[in-house]
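J.: Predicted model follows, preceded by the sequence.
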Amino acid sequence: MSEERSLNFIEQIVEEDLAKGSTGGRVLTRFPPEPNGYLHIGHAKSIVLNFGLAQKYNGATNLRFDDTNPVTEDTEYVDSIREDIKWMGFTWQQELYASDYFEQLYQFAVTLIKKGLAYVEDATAEEIAAMKGTPTTPGVASPARSRSVEENLDLFARMRNGEFKDGEKTLRAKVDMASPNMHMRDPLMYRIKHAHHHRTGDKWCIYPMYDFAHGQSDSIEKITHSICTLEFIPHRALYDWFIKELDIYPSHQYEFSRLNLNYTVMSKRKLKQLVEENHVAGWDDPRMPTISGLRRRGYTAASIRNFCERVGVQKRDNVIEYSLLEFCIREELNKTANRAMAVLDPVKLVLTNYPEGLVEELEAENNPEDPNSGSRKLPFSNTLYIEREDFMENPPKKYFRLGPGMMVRLKNAYIIKGESVEKDADGNITTIYATYLPESKSGGEGSGMTVKGTIHWVSAAHAAAAEVRLYDRLFTVENPAMEEGDFKSFINKDSLQVVTTAYVEPGLVQAKPGDRFQFMRKGYFSVDPDSSSKKLVFNRTVTLKDAWAKESAKAAK
């Protein structure tokens with residue numbers, strides 16, 4: 001149960017509307033993604049806000065695909081968006097498409113032409129931009145602005161019928177060429193695109209602009225609270241103007257700050273570049289800020305919802321620390337993830353006085369944070385694997401792991417003492433020899449013996465081989481999009497390191513894709529979809545501690 005928090009400004013607006021009865025006691029929001037890419041963590045904030053509001057006030061949310069640009073859209077994106085929202089734990093009331101309203105939107109445009117409030121433009125995009133003027137100088141009226149209603153109706157019908165080429169004509173709203181708001185200087189309503197649409201096929205060759213489709217779609221659905229990000233503040237006047245002039249249901253637009261996360265990029269165009277130029281392995285690469293990438297990395301829906309709640313809803317843009325996202329998953333997995341032993345950089349350890357051929361089944365608790373998690377049996381033998389870094393021939397003073405003559409406890413097992421090593425021709429240690437103290441068994445009568453260090457291990461004969469993918473931040477700078485030059489030149493070359501020779505405790509052979517574990521002393525890991533009982537693959541979700549915070553602190557000194 002999360003602690004009680006004060007209302008955010010949008011919740012305050014909703015409560016005021018409900019108290020006044022201005023929405024008829026209803027709350028109906030919408031989540032309107034463009035099906036031109038996969039959803040990312042910024043969309044997750046919008047999903048949590050829109051669906052969360054509806055849940056809190058016994059309302060509903062429509063999923064409406066803004067499919068007004070046939071050139072960039074794909075059913076693959078539609079499917080991935082559906083899957084991500086469901087995975088996030090939300091259900092929409094209706095699945096709708098802006099293309100459902102193409103005929104109605106066309107008729108709305110005809111209504112505005114008949115009222116003398118829209119006209120067909122012949123000018124090119126460059127000429128229109130020049131006519132619009134600047135924020136400090138008024139625009140210049142196009143010669144087409146004075147066309148008669150009849151001529152505009154005829155030309156618009158011919159645009160629909162496919163008589164003109166792409167870019168040859170547009171439909172503009174007739175608003176105010178001297179408005180201080182550039183969006184009100186006769187904005188485009190329709191453009192010609194002879195392109196196949198993923199739902200309507202080749203039925204249409206004219207498509208509504210976002211500013212025209214957005215508010216009218218909200219109105220058709222009787223959306224009570226249309227929630228956008230801050231860059232749509234200048235668009236609100238146009239949103240209201242269309243609704244007023246068409247005399248249709250008065251949906252209202254409200255704006256909040258988008259989610260910006262450091263050490264990544266959030267632009268769909270940039271994310272698409274990373275995918276198409278093979279800088280990452282796909283939209284669901286675990287280094288991507290996409291919901292599917294975070295899911296594959298091992299993030300849970302609850303951790304992402306918690307992150308979005310912690311970030312909150314503001315009216316001012318800000319950049320959120322990536323470490324907060326990591327904190328949210330670390331906090332959850334500490335409580336819920338079963339512990340397991342995994343050796344990522346193995347070196348052989350032979351216990352010279354442990355009986356040859358003896359295999360003990362040692363008890364190990366699954367999760368010390370969860371008393372109901374139970375325990376498991378770990379096979380223990382005279383030949384083990386430990387981490388190479390857990391042994392030093394010439395250890396410094398404060399080194400409390402294994403070394404010649406030094407004692408350390410093997411987790412859930414015995415205290416051992418380092419004796420000697422075997423090396424290859426290059427001087428690398430290939431085998432460590434140690435002796436064990438039989439009376440020091442964990443949980444036994446003599447287990448009260450104390451040593452300063454505890455290390456993890458797996459039995460060589462029983463361990464399962466695994467590939468472990470160590471993921472880190474995708475970029476080396478906080479805001480790659482704002483740096484000079486190509487943002488891709490700041491990609492972190494160490495953002496993926498693949499360990500092909502790891503060994504994990506044998507019970508993990510049963511683990512299924514999506515299962516999550518804390519590899520003791522190593523971090524939190526998730527089973528990758530590539531994994532099988534023949535070849536186990538684990539992704540590092542997050543380290544046990546915030547390593548970047550230490551680096552940042554060092555750099556600041």
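T.: Good, I have the coordinates.

J.: For the stretch 451-557 of the chain, just list every one of the strands.
T.: Secondary structure of the stretch 451-557 of the chain, counting by DSSP state E, counting those that start in this stretch: strands at 454-455, 458-459, 464-471, 496-504, 516-519, 523-527, 536-542.

J.: Please identify the most buried of the ones you listed.
T.: Each of these was scored by mean neighbour count; the highest is strand 523-527, a mean of 25, by mean count of other CB atoms under 10 Å. Heads up, the C-betas are built off the backbone N, CA and C, glycines and all.

J.: which secondary structure elements does it contact?
T.: In terms of contact count using 3 or more CB pairs under 8 Å, 6 or more residues apart in numbering; DSSP states H and E, strand 523-527 is assigned the packing partners helix 322-336, strand 516-519, strand 536-542.

J.: quick check: mean pLDDT across the next helix or strand after the first one?
T.: Meaning helix 322-336. Where DSSP states H and E defines the elements, the next helix or strand beyond helix 322-336 is strand 338-340. Computed over strand 338-340, the mean pLDDT rounds to 98.

J.: Where does pLDDT dip in the stretch 401-550 of the chain?
T.: 445-448, 548-550 (pLDDT under 70).

J.: closest to residue 317 out of the strands of the stretch 451-557 of the chain?
T.: Within the strands of the stretch 451-557 of the chain, the stretch nearest residue 317 is strand 536-542; the backing value is 26.2 Å (CB to CB).

J.: Show me what the closest one is packed up against.
T.: Secondary structure elements in contact with strand 536-542, counted by 3+ CB pairs under 8 Å, 6+ apart, are helix 291-297, helix 322-336, strand 464-471, strand 496-504, strand 516-519, strand 523-527.

J.: switch the cut-off to 6 Å
T.: helix 322-336, strand 464-471, strand 523-527 (3 or more CB pairs under 6 Å, 6 or more residues apart in numbering; DSSP states H and E).

J.: all helices of the stretch 101-250 of the chain, in order?
T.: Listed from the start of the chain, the stretch 101-250 of the chain has helices (DSSP state H, counting those that start in this stretch) covering 102-114, 125-131, 149-160, 210-221, 236-246.

J.: closest to residue 420 out of the ones you listed?
T.: Shortest separation from residue 420 across those is recorded for helix 210-221, at 72.5 Å, computed as CB to CB.

J.: Which elements pack onto that closest one?
T.: The contact analysis (3+ CB pairs under 6 Å, 6+ apart) places helix 210-221 against helix 236-246.

J.: chain center to the helix it packs on: distance?
T.: Using CA atoms, centre = their mean, to the nearest Å, we find the averaged C-alpha position of helix 236-246 to lie 34 Å away from the chain's own average C-alpha position.

J.: Provide the secondary structure category for residue 397.
T.: coil (DSSP: H, G, I helix; E, B strand; the rest coil).

J.: Backbone dihedrals for it, please?
T.: Backbone torsions for residue 397, taken as degrees, to the nearest 10, come to phi -50, psi -50.

J.: Tabulate the helices and strands packed on strand 536-542 (CSV), appending distance to residue 409.
T.: Output for the helices and strands packed on strand 536-542, formatted as CSV (distance: least, CB to CB, whole Å):
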stretch, distance to residue 409
helix 322-336, 22
strand 464-471, 24
strand 523-527, 21
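
J.: And these: which comes nearest residue 498?
T.: Checking the helices and strands packed on strand 536-542 against residue 498 by CB to CB gives strand 464-471 as the closest, at 5.5 Å.

J.: Run me through the strand neighbours of the closest one, direction for each.
T.: Next to strand 464-471 in the sheet, as set by DSSP bridges, lie strand 496-504 (antiparallel), strand 536-542 (parallel).

J.: All the strands of the stretch 301-450 of the chain, residue numbers only.
T.: Secondary structure of the stretch 301-450 of the chain by DSSP E, counting those that start in this stretch: the strands cover 319-320, 338-340, 342-343, 346-351, 360-365, 375-380, 383-387, 407-410, 415-423, 429-436.

J.: Which secondary structure elements does the fourth one sit against?
T.: With contacts defined as 3+ CB pairs under 6 Å, 6+ apart, the packing partners of strand 346-351 are strand 383-387, strand 429-436.

J.: Could you report the distance from the closest residue to residue 147 other than its chain neighbours to residue 112?
T.: Nearest in space to residue 147, with sequence neighbours left out and distances taken as CB to CB, 6 or more residues apart in numbering, is residue 119 at 5.1 Å. When CB to CB, to the nearest Å is the yardstick, residue 119 and residue 112 sit 9 Å from each other.

J.: Residue 19 should be in a strand, yeah?
T.: No: remark: residue 19 does not belong to a strand; assigned using three-state DSSP, it is helix.

J.: That one - how many residues pack around it?
T.: Taking other CB atoms under 10 Å as the criterion, the count of residues near residue 19 is 8.
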